[in-house]
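>>> Dropping a prediction and its sequence here:
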Amino acid sequence: MNKRRPSLDVDMGPRHIPIATRSYIGTSSTHTAGGGPEAQPDGLPGLPVRISTAKFDGLVLILRAFTHSWNYRSAVLFGHAAIVADEAEKLWALKLITNKLIPGQWDQVRSPPTTAELVQTQILRVRVKSGSVKVRAGPPADDRADLENAHVQAKCWAGYVPVVEHMLQPIQSAYINIREVPEHVKSL
């Protein structure tokens, strides 16, 4: 039994990796049984992975507590991942991931990464095999009996509460000498 990571002893299908950008996944550590992805039974190379994401868009309050819900967008992709060994491709992927999070950031940070940083970070190339999307949006969909019940209509509020995410003002680190926030950060 693996005492540090007991979940590695249980074969529950594809591993779950929480962060994905443009079919590349950045992770500080990737553990596979043989030290690297092996060919799978279906002939596809690499480690089977599941990539998922969800976005909470709001609360949906319905006339009955039993049917309260939320608006959301979610997606799950299934595929096979292989470790990127080529240094040029790895640097390209790191730049892509960095600039996807904050456009123009790669040119503003200390780069290229050190050899130690490159060794510590593994980039996975993911070949997507299948996926699914589920979305719930809009107002409540109450039961017809509740909609026709005058007592319920007079007593209960129904509707939805949208949730909006936005960036706040940047807060500068105490140890830098640059006093003005760069334009590519201000524009977020």
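Yes, it's here.
>>> now the strands for the chain?
Ranges of strands within the chain are 15-17, 24-27, 47-61, 69-83, 122-136, 159-162, based on DSSP state E.
>>> Including mean pLDDT, could those go into CSV?
As requested, those are arranged in CSV below (pLDDT from 0 to 100):
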stretch, mean pLDDT
strand 15-17, 54
strand 24-27, 45
strand 47-61, 93
strand 69-83, 94
strand 122-136, 93
strand 159-162, 96
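>>> Deepest-packed of those, please.
strand 24-27 (a mean of 19; mean count of other Cβ atoms under 10 Å). In short, each C-beta sits where N, CA and C put it, glycine included.
>>> give the contact list for His68.
Leu59, Val60, Leu61, Ile62 (Cβ atoms under 8 Å, 6 or more residues apart in numbering).
>>> longest helix anywhere in this structure?
helix 87-101 (DSSP state H).
>>> In terms of secondary structure, what does that one contact?
Applying 3 or more Cβ pairs under 8 Å, 6 or more residues apart in numbering; DSSP states H and E, one finds that helix 87-101 contacts strand 24-27, strand 122-136.
>>> Out of the strands of the chain, which gets nearest to Thr98?
Counting by Cβ to Cβ, Thr98 lies closest to strand 24-27 out of these; the figure is 8.8 Å.
>>> rewinding a little: residues of the longest helix of the chain that come out buried?
Neighbour-count burial for helix 87-101 flags Lys90, Leu91, Ala93, Leu94, Leu96, Ile97, Thr98 (criterion: 16 or more other Cβ atoms under 10 Å).
>>> ok, how many other residues are close to Trp106?
By other Cβ atoms under 10 Å, the residues close to Trp106 number 17.
>>> repeat for the one 5 residues further on
Neighbour count of Ser111, defined by other Cβ under 10 Å: 14.
>>> Next: the one 10 residues further on.
Counted with other Cβ under 10 Å, residues neighbouring Thr121 total 16.
>>> Ramachandran angles for it?
phi -110, psi 130 (degrees, to the nearest 10).
>>> Any idea how far apart the tips of stretch 147-164 sit?
Taking Cα to Cα, to the nearest Å, the first and last residues of stretch 147-164 lie 29 Å apart.
>>> chain center to that stretch, what's the gap?
33 Å (Cα atoms, centre = their mean, to the nearest Å).
>>> What of stretch 46-57?
Relative to its parent chain, stretch 46-57 has a centroid offset of 6 Å by Cα atoms, centre = their mean.
>>> Only alpha carbons, please: show it as PDB.
The C-alpha coordinates for stretch 46-57 follow below in PDB (Å, rounded to 0.1, in the frame of the first residue of the first chain):
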ATOM      1  CA  GLY A  46       0.000   7.600 -22.500                       C
ATOM      2  CA  LEU A  47      -1.700   7.800 -19.200                       C
ATOM      3  CA  PRO A  48      -5.500   7.900 -19.200                       C
ATOM      4  CA  VAL A  49      -6.700  11.300 -17.900                       C
ATOM      5  CA  ARG A  50      -9.900  13.000 -17.100                       C
ATOM      6  CA  ILE A  51      -9.900  16.900 -17.300                       C
ATOM      7  CA  SER A  52     -12.800  18.700 -15.800                       C
ATOM      8  CA  THR A  53     -13.900  22.200 -15.100                       C
ATOM      9  CA  ALA A  54     -17.000  23.900 -13.800                       C
ATOM     10  CA  LYS A  55     -18.100  27.500 -13.500                       C
ATOM     11  CA  PHE A  56     -20.700  28.600 -11.000                       C
ATOM     12  CA  ASP A  57     -23.000  31.300 -12.500                       C
END
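>>> Many thanks, I have nothing further to ask.
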